[in-house]
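**Q** quick check, what structure comes out for this input:
(one chain, ligands or ions: 1)
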Amino acid sequence: MEKSDYIAVFDSGVGGISVLRHLLQAMPRERFLYYGDSANAPYGSRPTEEVRALTLAAIRRIRAEAPIKALVVACNTATATAITDLREAYPELIVIGIEPALKVAADHFPGGRIGVMATEVTLREEKFDILLHRFDAGCTIAKIPAPGLVPLIEQGKVDDAETITLLHRLLDPYRGKLDALVLGCTHFPFAAKAISQVLGEDVALLEGGGGTARETRRRLAEADLLYDGPGEIRIRNSSPDPELIRLSYERLNQGR
Ligand code: DGL
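**A** Numbers count the residues shown, from 1 in each chain. Below is the predicted model:
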């Protein structure tokens with residue numbers, strides 16, 4: 001394994017770009033290979049077995065594309081279903097997953113009222129239950145599934161009327177009842193402005209990308225695999241629609 005090998009970043013679509021932004025901030029001199037599986041998105045309403053199979057197939061495609069030293073699963077849904085299988089399948093790789101930032105929420109709002117908005121798959125998996133029970137003694141935690149939101153964000157509709165209407169349907173029951181909302185799906189940070197508009201500006205929105213980036217850097221440093229440049233960003237997508245690549249770069253550049 002070489003220091004110059006890529007850090008692969010995987011998501012079901014364009015959502016993981018919100019994590020790539022944090023990774024780039026933490027490690028601007030690394031070589032990143034981003035792969036979005038938009039042809040098969042959304043993952044979040046599919047049966048668990050299907051998500052697992054799609055994730056494993058996508059990672060095989062990434063491995064065929066370039067040499068990689070680390071794999072960041074920048075998708076809460078894929079992490080919840082497939083992270084154990086990935087660690088077993090690729091023991092030679094540093095494999096990092098993402099999980100809803102409940103710890104950050106509980107640390108900042110002890111005894112607080114916290115919502116976790118995520119896909120149906122993430123919220124029903126055992127991994128989430130384990131996370132929930134680490135914090136639900138101190139805080140009141142509401143699970144908020146958000147079917148329909150990912151396809152809109154995949155189309156770039158982050159604050160269109162259609163998106164605002166859906167957000168009202170999902171979040172109006174929680175208005176005035178939350179201190180923080182955990183964005184437990186990597187697509188959702190792109191709609192943060194609309195979410196705040198619907199839920200109220202005083203509700204803190206928390207995402208897991210920063211923690212994932214710090215952990216990736218820590219693991220690479222520990223293995224003496226940090227690269228000193230020149231950095232590179234390669235973005236690939238399973239969909240033949242060039243709009244998804246354009247949208248990915250646009251979202252990435254908005255964060256820099
Ligand atoms: N971005 C993914 C996540 O973090 C899910 C999107 C999907 O449903 O495909 O959970």
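**Q** surely Val72 is within a strand?
**A** Yes - when DSSP: H, G, I helix; E, B strand; the rest coil is applied, Val72 is found to be in a strand.
**Q** the ligand versus that one, what's the distance?
**A** To the ligand, Val72 is 12 Å away according to CB to the nearest ligand atom, to the nearest Å. In short, each C-beta sits where N, CA and C put it, glycine included.
**Q** and the strands in the stretch 101-250 of the chain?
**A** Secondary structure of the stretch 101-250 of the chain by DSSP state E, counting those that start in this stretch: the strands cover 113-118, 140-145, 180-183, 204-207, 232-237.
**Q** who touches the fourth one?
**A** Spelled out, that is strand 204-207. When contacts are defined by CB atoms under 8 Å, 6 or more residues apart in numbering, strand 204-207 is touched by residues 18, 101, 104-105, 108-109, 179-183, 186, 188-189, 192, 195-196.
**Q** so does it get close to the ligand?
**A** No - judged by CB under 6 Å from any ligand atom, strand 204-207 makes no contact with the ligand; its nearest approach is 9.9 Å.
**Q** cool, and stretch 96-109?
**A** No - Stretch 96-109 stays clear of the ligand (CB under 6 Å from any ligand atom), getting no nearer than 6.8 Å.
**Q** next, the buried residues of that stretch.
**A** Ile96, Gly97, Ile98, Glu99, Pro100, Ala101, Leu102, Lys103, Val104, Ala105, Ala106, Phe109 (16 or more other CB atoms under 10 Å).
**Q** which of the residues you listed sit farthest apart?
**A** Ile96 and Phe109 (25.7 Å; CB to CB).
**Q** so what's Ala78 up against?
**A** Phe10, Asp11, Ser12, Tyr43, Val51, Thr55.
**Q** repeat that for Phe32.
**A** Counted by CB under 8 Å, 6+ apart, Phe32 has contacts Tyr6, Ile7, Ala8, Val9, Leu20, Leu23, Leu24, Gly231, Glu232, Ile233, Arg234.
**Q** now with 10 Å, please.
**A** Contacts for Phe32 (CB atoms under 10 Å, 6 or more residues apart in numbering) come out as 6-9, 20, 23-24, 70, 72, 231-235, 252.
**Q** endpoints of stretch 118-137, how far apart?
**A** Stretch 118-137 has an end-to-end distance of 21 Å (CA to CA, to the nearest Å).
**Q** over to stretch 218-237 now: how far is its first residue from its last?
**A** So stretch 218-237: terminal residues 28 Å apart, CA to CA.
**Q** now it: how far from the chain's centre is it?
**A** Remark: stretch 218-237 is offset 18 Å from the chain centroid, using CA atoms, centre = their mean, to the nearest Å.
**Q** now do the buried residues in that stretch.
**A** For stretch 218-237, by 16+ other CB under 10 Å, it's Leu220, Leu225, Tyr227, Ile233, Ile235, Arg236, Asn237.
**Q** look up how far the ligand lies from the nearest residue to Leu93 once chain neighbours are set aside.
**A** The shortest distance from Leu93 to any non-neighbouring residue, by CB to CB, 6 or more residues apart in numbering, is to Leu71 (5.4 Å). Here the criterion is CB to the nearest ligand atom. By it, Leu71 lies 15 Å from the ligand.
**Q** can you check Asp202 too?
**A** For Asp202 relative to the ligand (CB to the nearest ligand atom), the value is 25 Å.
**Q** surely that residue touches Asp179?
**A** Yes - between Asp202 and Asp179 there is a contact under CB atoms under 10 Å: 8.6 Å.
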